[in-house]
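**Student:** can you look at this prediction? I've put the sequence above it.
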Amino acid sequence: MKAKVVVIVGPTASGKTAVSIELAKRINGEIISADSMQIYKYMNIGTAKPTKEEMSGIKHYLLDVVLPNEIFNVAKYKDLAEKAIEEILEKGKTPIIVGGTGLYINTLVNGIEFENIEEDVEYRNYLIEKAQKEGAESLHEELKKIDPVSAENIDKNNIRRVARALEIYKVTGRTKTELDKASQKEVKYDYRMFGLNWEREKLYSRIDLRVDKMLEEGLIDEVKDITEKFEISRTALQGLGYKEVIDYLNGNLTYDEMVEKLKLETRHYAKRQLTWFRRDSRITWLEPQNAVEEIIKSIKE
RNA sequence: GGCGCCAUAGCCAAGUGGUAAGGCACGGCUCUGCAAAAGCCUGAUCAUCAGUUCAAAUCUGAUUGGCGCCU
């Protein structure tokens, strides 16, 4: 029989952290973060990373495992996450995966195994430049020739993904379609998925409040500090808040503009997360207020 | 009270006689190695009324509302 693994998803500011810690206490669990930004050390305030006090003794995995100048990706995540699951299970505890990064959760829950593929950043950049010069269409045409299925699925304007598909072919000699098929493996655990959500309006006002709180807690100093110590990697730089604050510090945005932009982009992010999670019918949606009880009831069955 | 200007989607905004550009927001969506990323889809009959004209958001008049100046 497969081991049970609890998964808690939800948009940013939905209250996942509090629910997961409470649940961990109740069911003798430990928490594995599924968050592409909390994985970075020193990025604390901006990622709303739980503090030591909040964790209240519950062990958290996959927080602070890479430095802001390092590049991270799903394949690495998948690897680390499964190791963490094993470690928790060996202790006889229940793993609780918590986070808002749909892509990362997706690979666990759908049993995707990545092969080792070298990156070819040079070729990738060459392709992107080419698309900028000759137009997105020409790059897409190229992909159509070698991998028509991927070309069909990727919008021609999505240069990043088109280039990735071409890069895969150059590096491995196989198409993305072939690789994707080969990566589809059996799901290893009995994942029980739960989603937290609020009425849209409420969620948005929670987001606004959270952004204000981050600023009060010193988001700007945090960003200043990190940029002084590290050359922030392109993946870490994608974190909400960091680029906006950097723009503010450079004088490209006024303080108010920065705050507004940060709130707006966080709302957009929450919306995208909901789009991602809504289509997964395995997720049971819960009211955050009584989520802990509901989850306990549900996983006992 | 007088004179002048303005009135296009939630917001910004093009269009000055031939049948409503664009941007943003909102909403929806895609997703296997940058995913807090990248990309896609989606809305009006032009303040109101009357008139001129084959044809008006575009011209005329009145009304309403806003802005500015003057007494």
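**Tutor:** It's in.
**Student:** RNA strand B contacts on the stretch 101-250 of chain A?
**Tutor:** Applying C-beta under 7 Å from any atom of the strand, we find that the stretch 101-250 of chain A lies next to RNA strand B at A:101-104, A:106-107, A:112, A:114-117, A:119, A:124, A:128, A:153, A:155, A:157-161, A:163-164, A:176, A:179-181, A:183-184, A:200, A:234-235, A:238-241. Quick note: C-beta positions are derived from backbone N, CA and C, even for glycine.
**Student:** and the strands in chain A, which stretches?
**Tutor:** A:4-9, A:29-33, A:60-61, A:94-98, A:190-196, A:284-286 (DSSP state E).
**Student:** will you turn the ones you listed into CSV that also has distance to A:T227, mean pLDDT and mean neighbour count?
**Tutor:** Putting the strands of chain A into CSV (distance: least, C-beta to C-beta, whole Å; pLDDT from 0 to 100; neighbours: other C-beta atoms under 10 Å) gives the following:
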stretch, distance to A:T227, mean pLDDT, mean neighbour count
strand A:4-9, 31, 98, 24
strand A:29-33, 24, 98, 25
strand A:60-61, 26, 98, 21
strand A:94-98, 28, 98, 25
strand A:190-196, 33, 97, 20
strand A:284-286, 39, 97, 16
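**Student:** tell me which of these lies nearest to A:S20.
**Tutor:** strand A:94-98 (4.1 Å; C-beta to C-beta).
**Student:** burial of the closest residue to A:I154 other than its chain neighbours, as a residue count?
**Tutor:** Nearest non-adjacent residue to A:I154, counting by C-beta to C-beta, 6 or more residues apart in numbering: A:R161, 4.7 Å away. A:R161: 15 surrounding residues under other C-beta atoms under 10 Å.
**Student:** now A:E287
**Tutor:** Neighbours of A:E287 (other C-beta under 10 Å): 10.
**Student:** I'd like to know which helix or strand in chain A has the lowest mean pLDDT.
**Tutor:** Ranked by mean pLDDT, DSSP states H and E, the weakest helix or strand in chain A is helix A:121-134, scoring a mean of 91.
**Student:** give me the contacts around that one.
**Tutor:** A:S138, A:L139, A:I159, A:R160, A:V162, A:A163, A:R164, A:L166, A:E167, A:K170, A:V171 (C-beta atoms under 8 Å, 6 or more residues apart in numbering).
**Student:** just want the angle from the longest helix seen in chain A to strand A:190-196.
**Tutor:** Assignment by DSSP state H gives helix A:255-278 as the longest helix of chain A. Counting by axes from the mean of the first three to the mean of the last three C-alpha atoms, to 10 degrees, helix A:255-278 lies at 140 degrees to strand A:190-196.
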